[in-house]
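[1] Provided below are the primary sequence and the corresponding predicted coordinates.
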Amino acid sequence: MDLHIPADVSAVVDKLRSTGHRAYVVGGCVRDAIRGVDPADWDVATDAMPEEIQKVFRRSLYTNRFGTVVVRMGHREIEVTTYRVEAAYSDHRRPDAVAFTNSLHEDLSRRDFTMNAMAWSPDHGGTIVDPFGGQRDLEARIVRAVGDPDERFTEDALRMLRAVRFAAVLGFTIEPNTAAAIERNAKLAETLSGERIQQEIVRILRGPVPSVGFRMLSNLGLLAVIAPELEQCRETPQDKVAAENVFEHSLATIDAAAAEMPVGTSPEEDLVLRLAALFHDLGKPDTYDDGHFHQHEFVGEAKVRQILRRWKFDKATVEAVAHLVRHHMFWYQPDWTSSAVRRFIRKVGLERIPVLFALRKADNVGSGARAPRMYALNELWLRVQEEIQRATAFSQGDLVVDGNDVMRELGIGSGPEVGRILHELFERVLDEPELNTPERLLSLAKEIHAQRPD
Ligand code: ATP
Ligand code: MG
């Protein structure tokens with residue numbers, strides 16, 4: 001098969017071969033090249049030991065104890081790894097030790113799925129080594145474990161999540177024996193580190209139809225282990241056009257969010273919105289008692305924080321998702337005054353409004369959107385835009401005067417009185433945006449100061 005292998009990558013293979021070693025392009029990049037997709041990264045496997053690889057490539061970095069050397073070639077960084085087998089697993093997650101081998105076949109057989117266990121060499125103008133039927137499975141769109149699936153998942157429980165991720169993102173099915181082994185071994189996923197779970201969850205979330213992966217995780221018994229809070233939502237009935245329980249409603253919401261990401265959304269905001277869409281109703285199982293899920297947004301906020309912290313998400317992401325979950329039940333009535341709209345903007349935060357509205361839209365779609373609710377949402381959106389045009393201050397920092405101005409004007413030193421005055425000024429400006437000029441605010445400041453409580 002004639003694969004397109006970039007010149008820098010084949011140069012690494014050629015150089016190793018010309019110095020008497022064996023070398024192949026291996027793993028996920030071969031899979032992607034066969035699929036006609038540009039791989040994220042290129043990997044080369046060789047029988048040369050790490051020290052030998054470093055001798056061949058002067059500009060290289062030996063990065064870890066697993067025998068990987070990063071080689072710079074052209075503008076690429078190519079990972080060159082000594083053939084290895086993974087020795088003894090005791091905790092189902094990491095090899096205890098790395099054992100090198102001089103057999104390509106052994107190296108391929110410790111890889112997770114048939115489509116990831118192929119190698120390419122420049123022999124005869126390009127040859128694919130495919131001992132486990134990876135090309136056949138790629139063609140048939142099947143994720144199949146290499147060798148005995150029970151053994152493979154016991155060796156490394158992450159492979160179960162990877163199986164779901166590949167199936168979901170590529171639109172493949174998991175081969176029945178492989179799927180049955182996941183069901184049998186799902187419990188082992190409790191030993192996985194949060195960081196490794198996060199990586200796979202994020203990739204499932206970023207897929208075109210995220211519900212596919214999460215439904216698969218649930219059906220295979222993995223979700224109950226890694227996110228019991230979400231699995232539990234299956235037991236909570238939900239009287240929605242689009243869903244009969246909270247879990248299905250959450251899936252409908254995440255798909256709606258993924259399908260209609262607002263233009264100009266950054267990758268970070270996109271991820272935050274997807275996480276919030278998936279987890280926005282986590283509080284419902286605990287608040288079902290009263291039949292109204294009373295205050296479920298606050299219970300949900302606490303739960304989503306726990307999950308995201310467990311998965312080692314960074315603080316900014318945790319905060320942003322928690323904020324969306326807390327505020328997702330916002331309501332609006334057409335008789336709101338302009339000042340009420342501005343107070344809403346202050347409460348939610350100006351910069352967070354577009355994502356909150358996108359979440360609400362997805363939530364509505366995930367409920368089987370009835371038109372009137374969308375009208376109300378659009379109307380509030382228009383009124384928010386109007387206020388943004390009109391008003392100059394949605395947070396205290398937007399006032400045209402600051403604490404120094406107030407202190408200078410009143411001849412007072414710093415202290416709680418300055419804070420009280422600024423707070424009061426901001427409240428007045430929310431009611432009457434026209435007050436946000438230096439003259440009017442400073443004269444107001446004098447009045448407020450004069451009326452200070454003793
Ligand atoms: P992608 O880069 O698209 O996430 P990938 O298959 O390339 O997919 P990597 O994490 O880059 O995934 O790993 C490269 C290769 O290493 C895989 O294709 C597979 O052969 C092997 N591999 C990675 N993780 C595991 C694992 N947990 N168990 C066995 N083999 C693995
Ligand atoms: Mg890769």
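    Now that the structure is in, tell me what you want to look at. Ligands and ions are numbered 1, 2, ... in the order given.

[2] rest of the way, CA atoms for contacts and neighbours
    Fine.

[3] Could you point out the helix or strand that follows the strand or helix carrying residue 303?
    If you go by DSSP states H and E, residue 303 is part of helix 296-310. Using DSSP H and E, the next helix or strand after helix 296-310 towards the C-terminus is helix 315-327.

[4] and that following helix, what does it pack onto?
    With contacts taken as 3 or more Cα pairs under 8 Å, 6 or more residues apart in numbering; DSSP states H and E, helix 315-327 sits against helix 267-279, helix 296-310, helix 353-366.

[5] what angle separates it from helix 353-366?
    50 degrees (axes from the mean of the first three to the mean of the last three Cα atoms, to 10 degrees).

[6] what mean pLDDT does helix 315-327 have?
    The average pLDDT within helix 315-327 is 97.

[7] Please save the CA atoms from the helix or strand just after that helix in CSV.
    For helix 315-327, the following helix or strand on the C-terminal side (DSSP H and E) is helix 338-348. Output of helix 338-348 as CSV, limited to C-alpha atoms (Å, rounded to 0.1, in the frame of the first residue of the first chain):
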residue,chain,number,x,y,z
SER,A,338,-34.1,47.9,32.0
SER,A,339,-32.5,48.0,35.4
ALA,A,340,-33.6,44.4,36.0
VAL,A,341,-31.9,43.4,32.8
ARG,A,342,-28.7,45.2,33.9
ARG,A,343,-28.9,43.4,37.3
PHE,A,344,-29.2,40.1,35.5
ILE,A,345,-26.1,41.0,33.4
ARG,A,346,-24.2,41.9,36.6
LYS,A,347,-25.2,38.7,38.3
VAL,A,348,-24.2,36.4,35.4
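
[8] Can you give me the buried ones in helix 338-348?
    Residues of helix 338-348 classed as buried by neighbour count (16 or more other Cα atoms under 10 Å): 338-339, 341-346, 348.

[9] ok and it relative to helix 315-327, angle-wise?
    Relative orientation of helix 338-348 and helix 315-327, computed by the same axes, to 10 degrees: 140 degrees.

[10] which SS class is residue 132?
    coil (DSSP: H, G, I helix; E, B strand; the rest coil).

[11] Just give me the neighbour total for the residue nearest to it when sequence neighbours are not counted.
    Leaving aside its sequence neighbours, residue 132 sits nearest to residue 114 (Cα to Cα, 6 or more residues apart in numbering; 5.6 Å). Applying other Cα atoms under 10 Å, we find 26 residues neighbouring residue 114.

[12] Ok, residue 155 next?
    Neighbour number of residue 155 under other Cα under 10 Å is 22.

[13] Residue 72: which element?
    Element membership of residue 72 [criterion: DSSP H and E] is strand 68-73.

[14] burial measure for residue 183, as a count.
    Neighbours of residue 183 using other Cα under 10 Å come to 17.

[15] That one contacts residue 218, correct?
    No: under the criterion of Cα atoms under 8 Å, residue 183 makes no contact with residue 218, lying 10.1 Å away.

[16] Close to ligand 1: what parts of the stretch 101-250 of the chain are there?
    110-112, 116-117, 158-159 (Cα under 6 Å from any ligand atom).

[17] follow-up on the earlier one: so what touches the following helix or strand past the strand holding residue 72?
    Per DSSP H and E, strand 68-73 leads on to strand 76-82 as the next helix or strand towards the C-terminus. Residues outside strand 76-82 that contact it (Cα atoms under 8 Å, 6 or more residues apart in numbering): 8-9, 41-50, 53, 66-72, 100-101.

[18] Tell me where the model's unsure across the chain.
    Counting by pLDDT under 70, the ranges of the chain that qualify are 1, 64-65, 87-97, 290, 370-372.

[19] so which strand or helix has the residue positioned nearest the centre of it?
    Geometric centre of the chain, nearest residue: residue 202, 3.3 Å, by Cα atoms, centre = their mean. According to DSSP H and E, residue 202 maps onto helix 194-205.

[20] If you count neighbours, what's buried in that helix?
    194, 197-201, 203-205.

[21] now the angle from it to helix 267-279?
    If you take the same axes, to 10 degrees, helix 194-205 sits at 90 degrees to helix 267-279.

[22] If you count contacts, what does helix 194-205 end up packed against?
    With contacts taken as 3+ Cα pairs under 8 Å, 6+ apart, helix 194-205 sits against helix 158-170, helix 267-279.

[23] With mean neighbour count as extra columns, can I get the ones you listed in a markdown table?
    Below are the helices and strands packed on helix 194-205 laid out as a markdown table (neighbours: other Cα atoms under 10 Å):
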| stretch | mean neighbour count |
| --- | --- |
| helix 158-170 | 23 |
| helix 267-279 | 22 |
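
[24] Can you verify residue 45 is assigned to a strand?
    Yes: membership of residue 45 in a strand is supported by three-state DSSP.

[25] tally of neighbours for it?
    Neighbour tally, residue 45, other Cα under 10 Å: 23.
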